[in-house]
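Asks: any chance you could fold what I've pasted below:
(one chain, ligands or ions: 1)
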Amino acid sequence: MLTNKTIIVGVTGGIAAYKACELVSRLKKLNADVWVVMTAAATKLVGPITLRTLSGNPVVTDLFADELSTLPVPHIALAQKADIIIIAPCTANIIGKIANGIADDALTTIVMASPAQKLIAPAMNAEMWRNPAVKKNVSWLESRDFVFIGPEEGKLACGSEDIGVMSKPRAIVKEATRLLPGSKTASAADLTGKKVLITAGGTREAIDPVRFIGNRSSGKMGYALAEAARQRGAEVTLVSGSTHLAAPEGITVIKVEDAKSMHEAVIANRAGQHIIIMAAAVADYRPTITFWQKLKKESETIKLELSKTVDILADLGRLKNGTYLVGFAAETNDHVENAKAKMSEKNLDLIIVNDASAIEQDSSEIKIIDKHGNVDEHPEQAKHQSANKILDKILSQIT
Ligand SMILES: Cc1cc2nc3c(=O)[nH]c(=O)nc-3n(C[C@H](O)[C@H](O)[C@H](O)COP(=O)(O)O)c2cc1C
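Replies: This is a model prediction of the structure:
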């Protein structure tokens, strides 16, 4: 039940706006106090009177209208009263406005003025969702604790079968309930009491003082996992290789450079960890010799001999002693077979497979494989969402 919870439902100008009616009805059935805020575009797709009737409260469509005239500064009062703001459906336009600090209508003004948790259910054409500007905005909002649900794959209004469909109202209610502070069914803190060590980013193997062998890893998946685990109550240690990402708040971050220093940091911090997730892209080979002075450009060719680096995952697999160990496999072919082989070779409990093309991207399509050979396939979604899917799976296995 959501008794005593004030929920703002933002409805924007997507074709899925009619689904907001089911969302509002479901929230009302759980006894929530629901306030609908609509953009001008949304009012062309679904009637405010319908949502006013379903919510039992006035619908806000205009900052300057007196729909809420009983309140002194209505939009601020509403913004402060809310326990959660759900925007469903959320257009590319509103994602862009919120990410860029624009508050030129009732919804974006309320979002900006509210300290409440925000849950965004995007819905749009697949090309819009894949647009780099939208991806950048989603990624930025995720790093600021906005939670995204969907979009899902399915039949789009334009006729194609692709990503962009709004998540089902039932799933949105479930996620909102999980996020609400103090809610009876809240599981937002379902990792409370768990210690989680996560590695992220790429390693850099020095050739000389200015050159290195590196890889394209951005650290986005590992950082998303660290952030999501912290949000869910875990005590998180992040061992981070190279990345341009800012260190998340509330997390112990240990910066490392190469495979050797990552190995040292992980081994030194592994004791007492309930879960270890190795999301870093660790170099398999390093230069056998590191030159202590910068190599001069003299001969036409130079030969670089490479030696295998230390295998962190294999060492953890040998030493794990009750720790739940998760590895990643970025493959270009035979994804599932290669990952299953890696899982048994390294004594892992879970392996996440993604295509090597997902590296550096804000979203990825992942497959989660457990020890029993079950493969959960997740369509392309933001890495923050993938992170929560991975944590859900881990929790289902350890509890
Ligand atoms: C019939 C129709 C359906 C639309 N569906 C979507 C949609 O699903 N997602 C989206 O981002 N934009 C969609 N748009 C475009 C938005 O309505 C448009 O970008 C508008 O400026 C959004 O305003 P708002 O973000 O203030 O609601 C649609 C437009 C029309 C005419």
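Asks: by mean pLDDT, which helix or strand of this protein comes out lowest?
Replies: Within the chain, no helix or strand scores below strand 375-382, which has a mean of 82 by mean pLDDT, DSSP states H and E.
Asks: partners of that strand in the sheet?
Replies: strand 363-370 (antiparallel) (DSSP bridges).
Asks: tell me who's in contact with the residue of the stretch 101-250 of the chain found nearest the ligand.
Replies: Using Cβ to the nearest ligand atom, the closest approach of the stretch 101-250 of the chain to the ligand is made by Met124 at 3.5 Å. C-beta here means a position set from N, CA and C on the backbone, and glycine is covered the same way. Neighbouring residues of Met124 by Cβ atoms under 8 Å, 6 or more residues apart in numbering: Gly14, Thr91, Ala92, Val134, Pro151, Gly164.
Asks: find the nearest non-adjacent residue to the second one, please.
Replies: Excluding the flanking residues, the one nearest Thr91 by Cβ to Cβ, 6 or more residues apart in numbering is Thr12, at 4.4 Å.
Asks: where does Met325 land in three-state SS?
Replies: Just so we're on the same page, residue 325 is Leu rather than Met. strand (DSSP: H, G, I helix; E, B strand; the rest coil).
Asks: over to the one 3 residues further on?
Replies: At Phe328 the chain is in strand, as set by three-state DSSP.
Asks: and for the one 10 residues further on?
Replies: Put simply, Asn338 is helix when judged by three-state DSSP.
Asks: isn't Asp104 right up against Lys97?
Replies: Yes: counting by Cβ atoms under 8 Å, Lys97 is a contact partner of Asp104 at 7.2 Å.
Asks: out of the two, which sits in the busier spot?
Replies: Neighbour totals were compared for Asp104 and Lys97, and Lys97 leads with 21 against 9 (other Cβ atoms under 10 Å).
Asks: now do the helix or strand that contains the more buried one: which elements does it pack against?
Replies: In this assignment (DSSP states H and E), Lys97 forms part of helix 92-99. On a contact count with 3 or more Cβ pairs under 8 Å, 6 or more residues apart in numbering; DSSP states H and E, helix 92-99 meets helix 106-113, strand 117-122, helix 132-142.
Asks: only alpha carbons, please: show the first one as CSV.
Replies: Below are the C-alpha coordinates for helix 106-113, written out as CSV (Å, rounded to 0.1, in the frame of the first residue of the first chain):
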residue,chain,number,x,y,z
ALA,A,106,5.1,23.3,-15.0
LEU,A,107,6.6,19.8,-15.1
THR,A,108,10.3,20.8,-15.6
THR,A,109,9.9,23.5,-13.0
ILE,A,110,8.5,21.1,-10.4
VAL,A,111,11.2,18.5,-11.2
MET,A,112,13.9,21.2,-10.7
ALA,A,113,12.4,22.3,-7.4
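Asks: ok, back up a step: the helix holding Lys97 near the ligand at all?
Replies: Yes: using Cβ under 6 Å from any ligand atom, we find that helix 92-99 touches the ligand at Ala92, Asn93, Ile94.
Asks: near the ligand, which residues of this protein are found?
Replies: 12-16, 39, 41-42, 91-94, 123-124, 128.
Asks: among the contacts of Met124, which one lies nearest to Ala339?
Replies: Distance to Ala339 across these (Cβ to Cβ) is lowest for Pro151, with 26.2 Å.
Asks: for that closest one, phi and psi?
Replies: When read as degrees, to the nearest 10, the backbone of Pro151 gives phi -70, psi 160.
Asks: from Val46, how far out is it?
Replies: Distance, Pro151 to Val46, using Cβ to Cβ, to the nearest Å: 18 Å.
Asks: likewise for Glu152?
Replies: 20 Å.
Asks: quick check: the farthest pair among the contacts of Met124?
Replies: So, those by Cβ to Cβ: farthest apart are Gly14 and Val134, at 12.9 Å.
Asks: more neighbours, these two?
Replies: Gly14 (29 against 21).
Asks: for that one, which non-adjacent residue is closest in space?
Replies: In space, Gly14 is closest to Pro89, 3.8 Å off (Cβ to Cβ, 6+ apart).
Asks: what about that neighbour, which helix or strand?
Replies: strand 84-90.
Asks: does anything pack onto that strand? Which helices or strands?
Replies: Under the contact rule (3+ Cβ pairs under 8 Å, 6+ apart), strand 84-90 is packed against strand 6-11, helix 19-29, helix 106-113, strand 117-122, helix 169-179.
Asks: give me the contact list for the next helix-or-strand element following the fourth one.
Replies: Pointing back at strand 117-122 there. Remark: after strand 117-122, the chain's next helix or strand is helix 126-130, criterion DSSP H and E. Identification of contacts with helix 126-130 by Cβ under 8 Å, 6+ apart yields Ala92, Pro122, Val134, Pro151, Leu156, Ser160, Asp162, Ile163, Gly164.
Asks: now with 10 Å, please.
Replies: 14, 91-93, 95, 122-124, 134-135, 138, 150-151, 153, 156, 158, 160-165, 363, 380-382 (Cβ atoms under 10 Å, 6 or more residues apart in numbering).
Asks: and if you look at stretch 139-146?
Replies: By Cβ under 10 Å, 6+ apart, the list of residues contacting stretch 139-146 reads 85, 87, 90, 95, 98-100, 111, 117-120, 138, 147-148, 220, 223-224, 227-228, 231, 245-246, 248-249, 361-363, 382-385, 387.
Asks: quick one on the thing from earlier: now the helices and strands packed on strand 84-90 as CSV including mean pLDDT?
Replies: Below are those laid out as CSV (pLDDT from 0 to 100):
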stretch, mean pLDDT
strand 6-11, 97
helix 19-29, 97
helix 106-113, 96
strand 117-122, 96
helix 169-179, 92
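Asks: redo the ones you listed as CSV? Include mean neighbour count.
Replies: Formatted as CSV, those follow (neighbours: other Cβ atoms under 10 Å):
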stretch, mean neighbour count
strand 6-11, 26
helix 19-29, 21
helix 106-113, 22
strand 117-122, 25
helix 169-179, 20
